[in-house]
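Visitor: Quick check, what structure comes out for this input:
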Amino acid sequence: MGNALRFLWGNCCKPSTQESESLGPHGVSAATVGVSALSHDLFHFDITAQVPEGLSQHVVSLKKAQANWYRKLLDAWKETKSPPKTPEEASRLVIQTLKRHQKADVEGLLAFYGLPLPHTLEPVPLSVPVGVKFELQTLPVDAKAVADGDTITVYVDTSDPRESSAVPRDVQFAAIERSKARAAKDYVKADALHKNIIDAGYRVLTGLDNEDILARKYRIRLRGIDAPESSMPFGKEAKDKLIKLVQGKCLKIYVYDTDRYGRSVGDIYSNGVFVQETMLKKGFAWHYAAYDRRPELALWENQARAAKVGLWAQSNPEKPWEWRKDRREGR
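Guide: Numbers count the residues shown, from 1 in each chain. So this is what the prediction gives:
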């Protein structure tokens, strides 16, 4: 992408001396075609698995890591409802997708495309839906954390301001002592300490740079939908679809309530995609109208019914809440 764009930019739209000084190393400026350059390079990577030439001059990580960035950015670009149209939007997508990578790499990548650096962006006004008790920003989700089509387990970094003040002192102490035990190669002690941490609702995870991250565990029940149970028809398919939507992603979760099983009931967004919407539209869940009256959920279920997709390919699919009731009553 880089060579072709530089040729077109240099010969068709050659800037004045003053303008050329503001160009990024990719041959574009933030006010012109940086977004197109990134879009083109992601398309090129999708076909060839090759990162742009010259990128290594502006970042600190090697090409294997660079390829990992482009895979993540490609997924994020494809999954967002409205692909970035402005340099600011593209910059925010890069920053959000690569937020756990080294600062020098993220800023080098942005500069390569002439996109705004993090400190130059205006803060986005917060818009939290009515009724939300709190918001979670999770660590990347593991596929094993998905129990079925409507329940997942997530972890939140305790360095998050909301979490940091709530970590029990014995958990903090155990995390420090575990680190010391591992450094001394006393893995029996380290494992025992980690078990205590897990029993308290936390876990020590490994970050991208192999650093230890103390994280809090949350069990999430997707608000407003009810997916088929694992042993029901389309139960496996519903779980697989949810895995595909969340695996490896850092999720935004708006928590509204806690159910009788201690799960946080919330709306989940994965790279800007509303997960419940996708599950309903693809026919992998019912609208759980007994607990959520939002009309858009009913609309999305009806659209899937009409198209006979997913579980609606069956003539008379059993409702999961009725299936559970029958088994409780021994029918």
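Visitor: Would you agree Ser230 is in contact with Lys239?
Guide: Yes. Judged on CB atoms under 8 Å, Ser230 makes contact with Lys239 at a distance of 6.7 Å. Glycine gets a C-beta too; all of them are placed from N, C-alpha and C.
Visitor: Could you name every residue contacting both of those two?
Guide: Asp148 (CB atoms under 8 Å, 6 or more residues apart in numbering).
Visitor: Which residue ranges make up the domains of this structure?
Guide: The chain breaks down into these domains under automatic domain parsing: 2-120, 134-161+206-328.
Visitor: quick one, what contacts Arg221?
Guide: Contact analysis of Arg221 by CB under 8 Å, 6+ apart lists 150-151, 259, 261, 263-266.
Visitor: typed the wrong thing, it's Lys99
Guide: With contact taken as CB under 8 Å, 6+ apart, Lys99 is in contact with 106, 250.
Visitor: Show me what counts as buried in the biggest strand by length in the chain.
Guide: If you go by DSSP state E, the chain has its longest strand at strand 212-222. Across strand 212-222, burial judged by 16 or more other CB atoms under 10 Å covers 213-216, 218-222.
Visitor: Out of the residues you listed, flag the one nearest to Pro317.
Guide: Leu222 (18.5 Å; CB to CB).
Visitor: before we move on, the earlier item: between the domains of the chain, which one is closest to Ala174.
Guide: Proximity to Ala174, assessed across the domains of the chain by CB to CB, is greatest for domain 134-161+206-328 (9.4 Å).
Visitor: Quick one: mean pLDDT for the closest one?
Guide: On average, the pLDDT along domain 134-161+206-328 is 95.
Visitor: could the buried residues of strand 212-222 go into TSV alongside distance to Ala304?
Guide: As requested, the buried residues of strand 212-222 are exported to TSV (distance: CB to CB, whole Å):
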residue	distance to Ala304
Ile213	38
Leu214	41
Ala215	35
Arg216	35
Tyr218	28
Arg219	26
Ile220	22
Arg221	21
Leu222	16
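Visitor: Among the residues you listed, which pair sits farthest apart?
Guide: Leu214 and Leu222, at 26.2 Å, using CB to CB across the buried residues of strand 212-222.
Visitor: how about the longest helix seen in the chain: buried residues?
Guide: Longest helix in the chain by number of residues (criterion: DSSP state H): helix 63-79. Neighbour-count burial for helix 63-79 flags 66, 69-70, 72-77 (criterion: 16+ other CB under 10 Å).
Visitor: and Ala181, that one's in a helix?
Guide: Yes. Under DSSP: H, G, I helix; E, B strand; the rest coil, Ala181 sits within a helix.
Visitor: what about the helices in the stretch 201-331 of the chain?
Guide: Along the stretch 201-331 of the chain, counting by DSSP state H, counting those that start in this stretch, helices occupy 235-246, 275-281, 295-307, 320-328.
Visitor: okay, those, which one's buried deepest?
Guide: helix 275-281 (a mean of 22; mean count of other CB atoms under 10 Å).
Visitor: quick one: Ile152 from Lys185, how far?
Guide: 34 Å (CB to CB, to the nearest Å).
Visitor: actually His44, not the one I wrote
Guide: Per CB to CB, His44 is found 46 Å from Lys185.
Visitor: Comparing the two, which residue is more hemmed in?
Guide: His44 (17 against 8; other CB atoms under 10 Å).
Visitor: was I right about the more buried one contacting Gln50?
Guide: Yes. Using CB under 8 Å, His44 makes contact with Gln50 at a distance of 6.9 Å.
Visitor: can you list residues touching both of the two?
Guide: By CB under 8 Å, 6+ apart, no residue touches both His44 and Gln50.
Visitor: Spatially, which two of the contacts of Arg221 are the most separated?
Guide: Tyr261 and Gly266 (14.0 Å).
Visitor: who's more crowded, the two?
Guide: In this view Tyr261 and Gly266 are compared by other CB under 10 Å, and Gly266 has more residues nearby, 27 against 8.
Visitor: The more buried one: what's it in contact with?
Guide: By CB under 8 Å, 6+ apart, the contact set of Gly266 is 136, 220-223, 253-256.
Visitor: right, and out of those, which lies closest to Asn316?
Guide: Using CB to CB, Leu222 comes nearest to Asn316 of the contacts of Gly266, at 24.2 Å.
Visitor: For that closest one, list each beta-bridge partner.
Guide: The partner list for Leu222 in beta bridges (DSSP bridges) reads Gly266.
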